[in-house]
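> Build me a structure from this.
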Amino acid sequence: MAEEVATFPFEVMVEGQTHPWAEDTISVADIRVLGNLPADAPVIEQDLRDGTERTLADDEVLRPGKLKEGHKLTKKRVNFRKG
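Presented below is the predicted three-dimensional model:
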């Protein structure tokens, strides 16, 4: 019997590295864990399409980029980084 491979329908980029994500939402706390960011550092959302940035509130919940099966993320390019 073939081994099942877990698929992740979402992708989150933190500090320039992509991470697979299974949920349709992600919290700022989750972003910190994925990127190994310090708990006291602000998290900045960078829109890589238009170059804008904003500091996220600790209680914000966001929607990660959705992947088409077998493809890299192209529609929503957002990077999260520490401030």
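> Distance of D50 relative to V78?
Computed as Cβ to Cβ, to the nearest Å, the D50 to V78 distance reads 11 Å. Backbone N, C-alpha and C define where each C-beta goes, glycine included.
> out of those two, which sits in the busier spot?
With other Cβ atoms under 10 Å as the criterion, D50 and V78 differ in neighbour count, and V78 comes out ahead with 18 against 7.
> and the helix or strand containing R32, what does it pack onto?
With secondary structure defined by DSSP states H and E, R32 is part of helix 28-35. On a contact count with 3 or more Cβ pairs under 8 Å, 6 or more residues apart in numbering; DSSP states H and E, helix 28-35 meets strand 10-14, strand 17-21, strand 43-47, strand 78-82.
> now the angle from the first one to strand 78-82?
Here the directions of strand 10-14 and strand 78-82 differ by 40 degrees (axes from the mean of the first three to the mean of the last three Cα atoms, to 10 degrees).
> can you check the third one too?
Angle, strand 43-47 to strand 78-82, by the same axes, to 10 degrees: 150 degrees.
> Please work out which of the helices and strands packed on helix 28-35 is packed deepest.
Relative to the other members of the helices and strands packed on helix 28-35, strand 10-14 carries the highest mean neighbour count by mean count of other Cβ atoms under 10 Å, namely a mean of 21.
> With that, I have no additional questions.
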